[in-house]
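pasting a predicted model and its sequence here:
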Amino acid sequence: MAEKLLDVSDLKVRFATEDGIVRAVDGVSFELERGKVLGIVGESGSGKSVTAMTLMGLTRGVNARFEGEILYKGTNLLEISDRDMQNYRGNELGMIFQDPMTSLNPVYRIGEQIAEAIRAHDDVDKRRARARAIELLRQVGIPNPDSRVDDFPHQFSGGMRQRAMIAMALSCNPSILIADEPTTALDVTIQAQIVELIGRLKDDFDSAVIFITHDLGVIADIADEIMVMYAGRIVEHGTKRDVFYDPQMPYTWGLLGSIPRLDRPRPERLHTIEGMPPSLINLPEGCKFRPRCPHVLEKCTEEPGLENRVDTPGHLDRCWLDVGFKRGHRDETIAGGSAEAA
Amino acid sequence: MTTVREEAPAGGTALLEVRHVKKYFPIRKGVLQREVARVHAVDDVSFAVREGETLGLVGESGCGKSTLGRTLVRLLEPTAGEIIFEGQPIQSLGTRRLRPLRREMQMVFQDPYASLNPRKRVGTIVSDPMRIHGIGDREERKRRVGELLDTVGLSPEHYNRFPHEFSGGQRQRIGLARALALRPKLIIADEPVSALDVSIQSQMLNLLEDLQDEFHLTYIFIAHDLGVVRHVSDRIAVMYLGKIVELSPAEELYSRPIMPYTEALLSAVPIPDPDLAEKRERIVLEGDVPSPIDPPSGCRFHPRCRHATDICKEIEPPLVDYGNRHLAACHHPLNADAETLRKVGVA
């Protein structure tokens, strides 16, 4: 069995705001092994980014409260000091963000920024750090890295900036790379390049990847396991095949049905999930998806736990509906509004 | 070599006809602000949109699709070419004569956060176009705003709220209500759903379809998401570095792309089906889109094209009709049989 890098149990993140307490993450548990890609999907406000940032210690602040455990190789990252966290950040966990323009400092050269990250963690001189920056840029596929290392961010295209961000995140050989919507701001052609790059680098650097996205197409490409998040919790968790071919949560069906797909005949109308995600300050009682779910039962006023309800071990969901009923009815939703698509 | 100019298409009159439109942006340098180079954002684009149809405009960032959209409604001045709206050339109309036409053509923008004035209330935002064009009195406008909000799926009670009180999807609906206020014939929607979550995106796309039926709207739908564009469009134009490289009925573009760039774009779209995703061939385009300041010679796609030969570097392929109103500009067309090729006369 591969080495277990991360063991998150019952993680809760709350922020005190003027309007009330925001329950951004509410009881999230998962594990991550070396060499695996864990995909987290969900809409804005589902808590996927807060989960990722909490792993990196980036949500710490006076108004934030944490519960649960984040065990990284046995150490609880929630309990270590800010200074210790800095050593984990970069060395053990690297992160890339959605917007490569705002994540890079516009007034410093690309190479300086990567070298700075290297020198913050390793005791090397400037020349060695620069050489390593060039090598990293080569590894992430920047052409002519010897000269491009002296470019400013504005001289890079969006795809190249994201490559530079990846180079920076990998500069200290982290065991876990967290990618938060790394391709959302990019064109499809560039997105394909970046997804391929992340998959390849994961093997080259023998690391694990947490890949956060709202795009189920991207996740189908890269993930081994998928967690679907809604209102701060995991509502479905399983292997890629489980989630795509035997989805158990009506929310997951809704997500699958909402995408205009190129691999299917065009439906008359797209499926929609009615309404909006709930406010994280004032969550509905019971199942959090209940107000938008077309298959509500009386029982749904009581929140279902994240349990294994199907015959595949490890495939977890939060839904009271009968598995047989779900398997019979979900295709109406997934195929889109009219059942024109067979 | 003859370039095909699209005549008014059969089965409907052309609402908008675009002939050889160019939009260059000068790059100025030095004390004298001399022009040293030009960004060829839109470079000789021709097409026609008939009433009630949706024309999709796709391409990577920087291909000129947004610039084209803005040029069509004269938010930007075209450098050359003709824009004919309902039979009337509008490319050189002055502000006064353009104003009544502005009622007929409206835009919906991408960013629902930046396109609404944060200091104005929803009621004012939606009624301003009517006030500017002197439609109705205060009471009448207020009633109309209520109707419009209802049409786009918001509540008339939202009249006195500010944009920040709404989510991204709701703001986009406000933007749509504003665009509809003057009962336009043509709506140019520039990436109207790309900032929205998938579940909200599908609500918005369905709403756009309903509105088209209800108000007989014609759309030019600009987007980079090929799935979304296929869903809404009757015909699709693919742009690359300021040029239309393929223009085709929607379904046909996906089943039978002719230009290798279109093929590569389609193959890069991720498919939410792991088995299919694994099986299908993916054409990964190397590198980025070249600079529109100094576009490549010949076919602009040749440096990234896997079929490119010497002719592609030298001669720019014209946009020719491959039958069924499927136009493409390529020296090495895909998915075309021998007879079509002979008719078309492409080497």
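Done, it's in.

residue nearest the centroid of chain A?
Centroid check for chain A by Cα atoms, centre = their mean gives residue A:212 as the closest residue, at 1.9 Å.

what segments of the chain are strands?
By default, I'm working from chain A. Secondary structure of chain A (DSSP state E): strands located at A:4-17, A:20-33, A:37-41, A:64-72, A:75-76, A:93-96, A:176-180, A:208-213, A:225-230, A:233-239, A:307-308, A:316-317.

sorry, I should have been clearer: chain B.
Here chain B has its strands, by DSSP E, at B:14-29, B:34-50, B:54-58, B:80-85, B:88-89, B:105-108, B:186-190, B:218-222, B:235-240, B:243-249, B:320-321, B:327-328.

closest to residue A:163 out of these?
strand B:235-240 (22.4 Å; Cβ to Cβ). Every C-beta, even on glycine, is put in place using the N, C-alpha and C of the backbone.

so, in contact with chain A or not, the closest one?
No. Judged by Cβ under 8 Å from any Cβ of the partner chain, strand B:235-240 makes no contact with chain A; its nearest approach is 10.9 Å.

that older thread, now tabulate the strands of chain B in JSON lines and tack on distance to residue A:24, mean neighbour count and mean pLDDT.
What follows is the strands of chain B, written out as JSON lines (distance: least, Cβ to Cβ, whole Å; neighbours: other Cβ atoms under 10 Å in any protein chain shown; pLDDT from 0 to 100):
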{"stretch": "strand B:14-29", "distance to residue A:24": "43", "mean neighbour count": "18", "mean pLDDT": "93"}
{"stretch": "strand B:34-50", "distance to residue A:24": "42", "mean neighbour count": "20", "mean pLDDT": "93"}
{"stretch": "strand B:54-58", "distance to residue A:24": "36", "mean neighbour count": "25", "mean pLDDT": "96"}
{"stretch": "strand B:80-85", "distance to residue A:24": "49", "mean neighbour count": "18", "mean pLDDT": "95"}
{"stretch": "strand B:88-89", "distance to residue A:24": "55", "mean neighbour count": "11", "mean pLDDT": "92"}
{"stretch": "strand B:105-108", "distance to residue A:24": "31", "mean neighbour count": "23", "mean pLDDT": "94"}
{"stretch": "strand B:186-190", "distance to residue A:24": "32", "mean neighbour count": "24", "mean pLDDT": "95"}
{"stretch": "strand B:218-222", "distance to residue A:24": "34", "mean neighbour count": "26", "mean pLDDT": "96"}
{"stretch": "strand B:235-240", "distance to residue A:24": "40", "mean neighbour count": "25", "mean pLDDT": "96"}
{"stretch": "strand B:243-249", "distance to residue A:24": "45", "mean neighbour count": "24", "mean pLDDT": "96"}
{"stretch": "strand B:320-321", "distance to residue A:24": "55", "mean neighbour count": "18", "mean pLDDT": "92"}
{"stretch": "strand B:327-328", "distance to residue A:24": "49", "mean neighbour count": "26", "mean pLDDT": "95"}
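
could you pick out the longest helix of the chain?
Went with chain A since none was named. As assigned by DSSP state H, the longest helix anywhere in chain A is helix A:188-204.

my bad, the chain I had in mind was chain B
helix B:198-215.

next, the angle from that helix to strand A:37-41.
Here helix B:198-215 runs at 40 degrees with respect to strand A:37-41, directions being taken by axes from the mean of the first three to the mean of the last three Cα atoms, to 10 degrees.

now find how far off-centre helix B:198-215 is within its chain.
17 Å (Cα atoms, centre = their mean, to the nearest Å).

OK, contacts around the residue nearest to the centre of chain A?
By Cβ atoms under 8 Å, 6 or more residues apart in numbering or on different chains, the residues touching residue A:212 are A:39-41, A:48-49, A:52, A:178-181.

at 6 Å what do you get?
Neighbouring residues of residue A:212 by Cβ atoms under 6 Å, 6 or more residues apart in numbering or on different chains: A:40, A:48, A:52, A:180-181.
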